[in-house]
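Asks: coords please:
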Amino acid sequence: MQANTSALATTAGNLGLKINVKKTRHLRMSGRTNESIMVSGEVVDEVYHFTYLGSKVSTSRDGGEEILVPISQASQAFPSLQGIWRSKNISQKTKIRFFKSNVLSTLLYGAESWKMTKTISHKLNVFQNKCLRRILRVYWPQTISNCDLRRRTGTQQVRRKRWKWIGHVLRMPPAALPRVALKWTPDGRRKRGTPKETRRRTVEKEMKENSWA
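Replies: Got it, this is the predicted structure:
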């Protein structure tokens, strides 16, 4: 990493650009060394998590932490449209369209690259069900199953988004980086213990299930 960073700094310098070390951070994933990364003799600060393009990246590689970011953003988007949800002059069909375009799109931004665990799936479902029940005015003692609720509103989209993206990547040339990354496996050996859920394992599991729910 130090060699790559130095090469980047040199190339940037040749183009008249300079890396601002004070604004630069680096995150170490399962590093074999604790040596600092330096640019022009200055140490680059190390962090253990950061947000990039709306996604939270951390050394723990815990998708449960990452999913909290879009849920938080969607939680702010939903009440901002309270006037629409309460309106009696707007049909439920139109309200659902507003929900999909303004709230669900925020919640599922970048979902194509997510791994899917029971915890992540549960958090997504809880948020969606809560919002949909308010939009459809389904309150106790009225009852409707969560599956019927999402089927009725057509809001089950995570798998469809992921496989739509995979289909797009598979139509790329064989040497395209996104297509190569689909089957790329990092060097080295993992630690002992139960393998952690990854996006690749999520995709392979969905292929066997052959379900688009």
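
Asks: Flag the helix or strand of this structure with the lowest per-element mean pLDDT.
Replies: Taking mean pLDDT, DSSP states H and E as the measure, helix 63-66 is the helix or strand of the chain with the lowest mean score, a mean of 67.

Asks: For the longest helix anywhere in the chain, buried residues please.
Replies: For the chain, the helix that runs over the most residues, judged by DSSP state H, is helix 118-135. For helix 118-135, the buried set under the neighbour-count rule, 16 or more other C-beta atoms under 10 Å, comprises Ile120, Leu124, Asn125, Phe127, Gln128, Asn129, Cys131, Leu132, Arg133, Arg134, Ile135. Yep, even glycine has a C-beta here, placed from its N, CA and C like the rest.

Asks: what's the following helix or strand after it?
Replies: Reading on from helix 118-135 to the C-terminus, the next helix or strand found by DSSP states H and E is helix 146-153.

Asks: Quick one: residues in contact with that following helix.
Replies: Residues lying outside helix 146-153 but in contact with it, judged by C-beta atoms under 8 Å, 6 or more residues apart in numbering, are Ile96, Phe99, Asn125, Gln128, Asn129, Leu132, Arg133, Leu136, Val138, Ile144, Gln156.

Asks: Which per-residue confidence value corresponds to the fourth one?
Replies: Per-residue pLDDT puts Gln128 at 88.

Asks: That one reaches Leu104, doesn't it?
Replies: Yes - here Gln128 reaches Leu104: they are 7.5 Å apart, a contact under C-beta atoms under 8 Å.

Asks: Now do the strands in the chain.
Replies: Assigned by DSSP state E, the strands in the chain fall at 25-27, 38-39, 42-43, 45-47, 49-52, 55-58.

Asks: gap between the longest helix of the chain and the chain center?
Replies: If you compare the mean C-alpha spot of helix 118-135 with that of the full chain, they lie 16 Å apart, counting by C-alpha atoms, centre = their mean, to the nearest Å.
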